[in-house]
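**Student:** Okay, predicted coordinates and the sequence, questions at the end:
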Amino acid sequence: MRWVDCRSYVGPDRRVAPPGLRIHERRRKDLADQAPPLDRELRHLRLMVLDAHGEPGMTLLAERASAVALLAEAYREPAIADILTGMSESLLRGWHEDPRAFIYEQLDRLPGAQIIH
């Protein structure tokens, strides 16, 4: 699986090879690379909580959690993917108070859910 991590999109590369030359191709650079290690992305997600302020910050964190859930599924870690997907959906529903306690509670569940290969 190839992985894209840039300002506008994080997640698996959804592009397919075009059948021939495309005249008006918008993408000039191939930003896709090999998928990163899951442990690194989980640590990065935990660090993102520190910068998540307000609704825009929580939305960005929820989108990143969804992308890491897709990565967890690719690494055959369904329990981690389920936790991250649930956390992401909860964050997107909105919060009236600071959701950091909930986020850290969910992230603390991840090491116990990881399958040892």
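**Tutor:** That came in fine, so what should we check first? Predicted model, so just to flag it, every value in this text is computed and none were measured. Numbering: from 1, shown residues only.
**Student:** thought residue 73 was touching residue 81?
**Tutor:** Yes: at 4.5 Å, residue 73 and residue 81 qualify as touching, with contact defined as Cβ atoms under 8 Å. C-betas here are computed from N, CA, C, even on glycine.
**Student:** For the two, indicate the residue with more neighbours.
**Tutor:** residue 81 (20 against 17; other Cβ atoms under 10 Å).
**Student:** where does residue 4 land in three-state SS?
**Tutor:** Three-state assignment for residue 4 (DSSP: H, G, I helix; E, B strand; the rest coil): strand.
**Student:** That one pairs with what?
**Tutor:** residue 11, residue 32 (DSSP bridges).
**Student:** list the contacts for it?
**Tutor:** Shown in contact with residue 4 (Cβ atoms under 8 Å, 6 or more residues apart in numbering): 10, 11, 12, 13, 31, 32, 33.
**Student:** List the single closest residue to the first one in space, sequence neighbours excluded.
**Tutor:** Residue nearest to residue 10 in three dimensions, not counting chain neighbours: residue 67, with 4.3 Å by Cβ to Cβ, 6 or more residues apart in numbering.
**Student:** Contacts for the helix or strand hosting that neighbour, please.
**Tutor:** Assigned by DSSP states H and E, residue 67 belongs to helix 54-74. Here helix 54-74 makes contact (Cβ under 8 Å, 6+ apart) with 1, 3, 10-12, 35-36, 38, 41-42, 44-45, 48-49, 51-52, 78, 80-82, 84-85, 87-89, 91-92, 94-95, 99, 103.
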